[in-house]
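# sequence and predicted structure are below.
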Amino acid sequence: MQEPVRLAIAYGYLGDAFHGSQYQPNQITAQGVLEEVIAELTWGEEPSEGRHSLRNASRCDAGVHVRMNVALLEIPSELWAKLTPVRMVNAMNDHLPSTIWVWGVAEAPSDWNPRHPIRRTYRFRLEGCEYWPGIVVEQLVEWLEIFQGTHDYASFSRPEGEASTVRTVESIIPWMNGEHIIGFEISGPSFVWNQVRRIASAIEFLARGKTTVEEVVQALHSGVEFVDLGLSEPEWLILWELEYSEFSFRFSGDERESFSQRDYSTTFREQQHWCAVARSEMRALVHHQGLALRITNNS
């Protein structure tokens, strides 16, 4: 009997349409919806607690948008011989709702583990935060550099038992549209739960004068003593990209953002209205990227 083929399924979705990425009984999740389609196509079993066709690379909270997540799917080699990546992508998308899409399929080595990418990248739209005051880019760069390197993120995470909270941030830079600050981009091999959203909240607190650089640095060196610097809303966060040494997907190079620019001279109520527009722009960006990635990887 031949060994099954291990496939990497690349997909994206709108975070506000799902109760997170991981399967949960009686909840609409990205994994649950994908596994239901896989079962309908007879490529796997119906999902249930403890029985799954997919294994996700990254888990995301409800509300977090996803440009690229990757899941492991094993199928019989004789089935894979009859399929192609394009056929699999088209078949799954024919059954999926418009809020989630598969944009790539790649064959992976037999020992590949989706949980071990060499790099994960997130983008966070700071300007969308309701009370974001707007700052100059030089100030943002200075604050972001606080988080560069290896630190204990105990105060920037959701505790998970005895698991280590030490993580390495390889890159953290402003996310810009020309000279306009959108937010920041952060990359590293792995992140603890809520790490990026808590970093974003700390940056917002610094911008609003609710904390100091010294207090943020102290939080990074606090060890087990929790220092609460807030948790930003999930709707401004995008899981942007995962990189693997075993294989790679193609990227279109089209990362233009059709974002409006916040006008800080308007009233607070008018800025709240702008935030509603910005939420729609985040959804449109992820949708646009999904289409571009699908075309690039299946043409």
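Nice, thanks for sending it over.

# now residue 10. Nearest residue, chain neighbours left out?
residue 104 (3.8 Å; CB to CB, 6 or more residues apart in numbering). Any C-beta I mention is one placed from the backbone N, CA and C, and that applies to glycine too.

# what about the host helix or strand of residue 31, distance to the chain center?
Assignment of secondary structure by DSSP states H and E places residue 31 within helix 30-40. If you compare the mean C-alpha spot of helix 30-40 with that of the full chain, they lie 19 Å apart, counting by CA atoms, centre = their mean, to the nearest Å.

# for that helix, name the packing helices and strands.
If contacts are counted by 3 or more CB pairs under 8 Å, 6 or more residues apart in numbering; DSSP states H and E, helix 30-40 sits against strand 5-13, strand 54-56, strand 65-75, helix 85-95, strand 100-108.

# and the first one, what does it pack against?
If I follow you right, that is strand 5-13. With contacts taken as 3+ CB pairs under 8 Å, 6+ apart, strand 5-13 sits against helix 30-40, strand 65-75, helix 77-82, strand 100-108, helix 268-298.

# residues in contact with it?
Strand 5-13 has contacts (CB atoms under 8 Å, 6 or more residues apart in numbering) with 30, 34, 54, 65-77, 80, 88, 99-110, 112, 114, 244, 247, 249, 286, 289-290, 293, 297.

# is it true that residue 101 touches residue 93?
Yes: taking contacts as CB atoms under 8 Å, residue 101 lies within contact range of residue 93: 5.6 Å.

# find the residues that touch each one of the two.
Here residue 101 and residue 93 have residue 294 as joint contacts, going by CB under 8 Å, 6+ apart.

# of the two, who's got more company?
Taking residue 101 and residue 93 together and counting by other CB atoms under 10 Å, residue 101 has the greater number of neighbours (21 against 18).
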